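1. A structural model of the following input is requested.
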Amino acid sequence: MIKKKKDKKPKKERKKLTKKQKILVIIIAIVLGAGAYFLGTVVTKTYLNNKKKEDQKIDFEEMTKLETIKSVSIDKLVSSYNELLTAKKLDKYKIDKDKINKKDTLYEYTTNNITYVFQVKNKKVEIMTIYYKEENDDTKEIIKLAMQANNSELTDEDVTNMYDSIIRTRTNKEEDGAKVSEYFQYKGIEANLKETVIGDKSIYQFRIGRITE
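-> Sure thing, here's the model as predicted:
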C-alpha cells in the first residue's frame, strides 16, 4: 500500500526588524558590553587590592631572622651532654663538673685525648668547642651528641647532616694557615670545623656556637 506524502507546511517568513528595533538591539548590546567590562574591572581591582594587602602583611624581617635557642648554663649543658654520652655507652668522654678548669670566661676539661672548652658570658654558654687530634667513630659521635645537647630538638638525622656537610666543606677556605669548613646554621646552632696542620699531624677544633634569643 502506497503511503501518501504529507503536505509540507509553508515556511513562515521572518519579520524584518524595524529601524527602531534595530537601534534598541544595538543599545542593549552596548549596555551589556559596558556592564561586563566594568564588572570585570571591579573584580580585577578588588583582587589586586586584596593581594596587595596580603603582601603588606608579610614580615620579610621574620623570613630572614635566624632561628634561636634559649640560653643555658654550663652546669645544665654539661648534665645534658653527659646523659647523652651514657645513653650511647661513651661514658669515658663524660665531663666531671668538679674538675672543670676555669680561666676567665673559659671553662676547660680534658679526658681521653678530648678537650672541651666552653666560652661563657653572664654565666651562660655561648660556644662549646671540642679539640681532638684524631678523627674516628668516637669523635664523630661525641660531636653529634654535643650538638644535640645544645638543642634537644635536633634529631639524629639533623646532626648527621650537619656533621657530614661540615666535613664535606672542610677544605673550602684557609684562615691563618688552617683549613676551615663552611659555617652551618640550623635550629639555633652554628657549627664549623677548623683543622690546624702541624708537620704531619693535625689538631681539630669543632666549634658549636649558640644563637640565643
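
2. Contacts only, for Lys70.
-> Going by C-beta atoms under 8 Å, 6 or more residues apart in numbering, Lys70 touches Thr212, Glu213. From N, CA and C alone the C-beta is placed, and that goes for glycine too.

3. Find the nearest non-adjacent residue to the residue nearest to the spatial centre of the chain, please.
-> What sits nearest the mean C-alpha location of the chain, by C-alpha atoms, centre = their mean, is Tyr186, with 6.8 Å. Of all residues beyond its chain neighbours, the one nearest Tyr186 is Met162 (6.1 Å), with distances taken as C-beta to C-beta, 6 or more residues apart in numbering.

4. Glu126 now?
-> Nearest residue to Glu126, sequence neighbours excluded (C-beta to C-beta, 6+ apart): Gln119, at 5.0 Å.

5. Check which element follows the helix or strand hosting the one you found along the chain.
-> If you go by DSSP states H and E, Gln119 is part of strand 114-121. On the C-terminal side of strand 114-121, the closest following helix or strand by DSSP H and E is strand 124-132.

6. Name the surrounding residues that touch that following strand.
-> With C-beta under 8 Å, 6+ apart, strand 124-132 has contacts from 71-74, 77, 113-120, 139, 142-143, 146, 150, 203-210, 212.

7. Are we agreed that Val78 is in a strand?
-> No. Under DSSP: H, G, I helix; E, B strand; the rest coil, Val78 falls outside any strand and is assigned helix.

8. Tally up the residues packed near the closest residue to it other than its chain neighbours, please.
-> Sequence neighbours aside, Ile95 is the residue nearest to Val78 in space, at 5.0 Å (criterion: C-beta to C-beta, 6+ apart). Applying other C-beta atoms under 10 Å, we find 21 residues neighbouring Ile95.

9. What is the burial count for Leu77?
-> With other C-beta under 10 Å as criterion, Leu77 counts 20.

10. Specify the local secondary structure of Asn161.
-> At Asn161 the chain is in helix, as set by three-state DSSP.

11. brain fart, Leu85
-> Put simply, Leu85 is helix when judged by three-state DSSP.

12. which stretches of the chain form helices?
-> With DSSP state H, the ranges of helices along the chain come out as 19-57, 60-64, 74-87, 137-150, 156-168.

13. Many thanks, we can stop here.
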